[in-house]
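>>> Here's my sequence, what's the structure:
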Amino acid sequence: MSDKYTTARLAKGQDHFEILVKPQEALDYKLGKQVPISQVLLIEEVYSDSSKGTRASEEKLQKYFGTTDPARVAEEVMKSGELQLTTEQRRQLVEDKRRQIISIISRNAIDPRTGTPHPPLRIEQAMGQIRLSLDPYKSAEEQSKMVIEELRPILPLKIEQMRIAVKVFPEHAARAYNAFKSFGNVSREEWQSDGSLVAVVEMPAGMYGSFIEKVGKLTQGTIQSKVLT
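Purely as a prediction, here's the structure:
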């Protein structure tokens with residue numbers, strides 16, 4: 001792989017579609033930044049095998065994407081497919097995610113023996129003793145739950161929990177529900193006849209601010225919430 005371009009891939013049934021993209025612009029696009037697809041593409045072509053230079057047929061593009069326009073196909077490949085990261089990009093993303101997870105654990109976990117928080121350096125050293133495979137795209141909040149469970153045998157941890165009752169209107173309910181699960185445990189859920197969702201979410205107390213911020217954005221500020229005692 002050249003440092004001047006990389007590949008994004010998407011499988012549709014037994015067929016594969018690939019595009020050649022500029023590494024930094026493609027990563028920015030994948031992370032949700034406002035980058036025109038024209039600036040992401042190295043060349044406006046869709047391949048079935050880019051390494052061999054084999055272009056995807058117009059028949060299959062029309063079948064799977066409803067268009068033969070490379071730019072429109074590229075948008076779906078970037079949105080739903082897999083972006084091949086450069087070695088440096090992956091290293092930096094994983095390192096950033098690791099730092100975020102250390103911060104989350106330090107804010108939310110205490111040493112049950114002393115009742116005081118674990119310093120970030122202690123958490124970092126403990127993480128160095130376990131085998132971790134962090135996903136550069138998954139949220140730090142979601143992955144921190146996995147890391148905490150891995151750390152428990154070597155680092156005493158106690159997480160202060162809180163329960164939050166929430167109501168989300170129909171147009172945002174599905175996306176909000178996925179966010180609920182990434183922050184904690186959905187201990188109760190009730191789907192109303194109009195499609196609204198009423199739920200109780202249990203999560204580490206320190207994640208409350210991030211939770212409200214993220215779900216607030218997903219629901220355009222329409223979420224109703226209440227901290228339960």
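>>> who touches the least confident helix or strand in the chain by mean pLDDT?
Averaged element by element with mean pLDDT, DSSP states H and E, the chain has its least confident helix or strand at strand 116-117 (a mean of 83). Residues outside strand 116-117 that contact it (Cβ atoms under 8 Å, 6 or more residues apart in numbering): 106, 107, 109, 110, 111. For glycine as for every other residue, the C-beta is placed from the backbone atoms N, C-alpha and C.
>>> Tell me the first helix or strand C-terminal of that strand.
As assigned by DSSP states H and E, the chain's next helix or strand after strand 116-117 is helix 120-127.
>>> List the buried residues for that next one?
For helix 120-127, a neighbour-count test (16 or more other Cβ atoms under 10 Å) marks 123, 124, 126, 127 as buried.
>>> Which strands and helices lie in contact with that helix?
Judged by 3 or more Cβ pairs under 8 Å, 6 or more residues apart in numbering; DSSP states H and E, the packing partners of helix 120-127 are helix 87-108, helix 140-151.
>>> For these, give me TSV that also has distance to residue 161 and mean neighbour count.
Shown next, in TSV, are those (distance: least, Cβ to Cβ, whole Å; neighbours: other Cβ atoms under 10 Å):
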stretch	distance to residue 161	mean neighbour count
helix 87-108	9	17
helix 140-151	12	18
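>>> The ones you listed: lowest mean pLDDT?
Note on the helices and strands packed on helix 120-127: lowest mean pLDDT is at helix 140-151, with a mean of 89.
>>> That one vs helix 87-108, what angle?
Relative orientation of helix 140-151 and helix 87-108, computed by axes from the mean of the first three to the mean of the last three Cα atoms, to 10 degrees: 70 degrees.
>>> Heading C-terminal from helix 140-151, find the next helix or strand.
Proceeding N to C from helix 140-151, the next assigned helix or strand is strand 158-159, under DSSP H and E.
>>> Can you give me the domain assignment for this protein?
For the chain, automatic domain parsing gives the domain ranges 6-83, 87-158, 160-228.
>>> mind checking the end-to-end distance for the second one?
Between the opening and closing residues of domain 87-158 we find a distance of 36 Å, counting by Cα to Cα, to the nearest Å.
>>> can you put the buried residues of helix 120-127 in TSV and add distance to residue 181 and pLDDT?
Supplementary listing: those in TSV, determined by distance: Cβ to Cβ, whole Å; pLDDT from 0 to 100:
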residue	distance to residue 181	pLDDT
123	24	95
124	27	95
126	26	95
127	24	95
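>>> And the helices in the chain?
Using DSSP state H, the helices found in the chain span residues 23-30, 37-40, 58-65, 70-80, 87-108, 120-127, 140-151, 170-183, 208-218.
>>> Cool, thanks, talk later.
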